[in-house]
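Show me the folded form of this:
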Amino acid sequence: MTDLGLESAFTKFPAMLTLSAESFFLVKGKKGGYQLLSAICPHSHGDIRKADNCFTCPSHGWHFSLDNGECINGPLARMYSAPVVVKNGHLVVEGELP
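The predicted model follows:
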């Protein structure tokens with residue numbers, strides 16, 4: 001279990017986080033749920049960056065949705081992710097980091 005901090009501290013999404021020396025994006029889905037997305041590409045293992053309206057891997061041009069990490073311009077793929085729940089006002093990743 002990893003405590004990300006108070007839910008009220010996160011006001012802009014996606015929020016970039018560094019945990020255990022790795023980069024992640026905290027996203028809030030269209031239905032209000034949270035996910036933690038790895039900033040490492042599931043295909044080329046390059047660094048994923050936030051672009052204007054999506055996440056992108058500059059190594060090969062895949063684009064991923066800002067709300068759930070699904071690939072929107074290529075094969076059926078998605079960014080590595082872990083669900084985030086609210087516990088006592090804190091955002092918590094249950095289980096292992098992606």
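
how about Pro42, what does it touch?
Counting by Cβ atoms under 8 Å, 6 or more residues apart in numbering, Pro42 touches 77-80. Where C-beta positions appear, they are placed from N, C-alpha and C, glycine not excepted.

Name the nearest of these relative to Lys28.
Closest approach to Lys28 among the contacts of Pro42 (Cβ to Cβ): Met79, at 14.8 Å.

Excluding chain neighbours, what is closest to the closest one?
Gly69 (3.4 Å; Cβ to Cβ, 6 or more residues apart in numbering).

mind checking how far that neighbour is from Tyr34?
12 Å (Cβ to Cβ, to the nearest Å).

hang on, the earlier thing: quick one: the residue nearest to Met79 from Ser20, how far?
Applying Cβ to Cβ to Gly69 and Ser20 gives a distance of 19 Å.

Those two: which is more packed in?
Gly69 (25 against 7; other Cβ atoms under 10 Å).

For Ala15, see how far away that one is.
From Gly69 across to Ala15, the span is 14 Å (Cβ to Cβ).

Might you report the residue contacts of the nearest residue in space to Glu70 that is not next to it in sequence?
Once flanking residues are discounted, Glu70 sits nearest to Arg78: 4.8 Å by Cβ to Cβ, 6+ apart. Listed by Cβ under 8 Å, 6+ apart, the contact partners of Arg78 are 42, 64, 68-71.

who touches the residue nearest the centre of the chain in this structure?
Against the mean C-alpha coordinate of the chain, by Cα atoms, centre = their mean, the closest residue is Leu37 at 2.3 Å. Leu37 makes contact with 14, 24-27, 55, 64, 69, 79-81, 98, according to Cβ under 8 Å, 6+ apart.

ok, and it, which helix or strand is that part of?
strand 34-38 (DSSP states H and E).

In its sheet, which strands sit next to that strand, and in what direction?
strand 22-28 (antiparallel), strand 81-87 (antiparallel) (DSSP bridges).

most packed of those strands?
strand 22-28 (a mean of 20; mean count of other Cβ atoms under 10 Å).

Mutual contacts of Gly69 and Tyr34, please.
The contact sets of Gly69 and Tyr34 overlap at Val27 (Cβ under 8 Å, 6+ apart).
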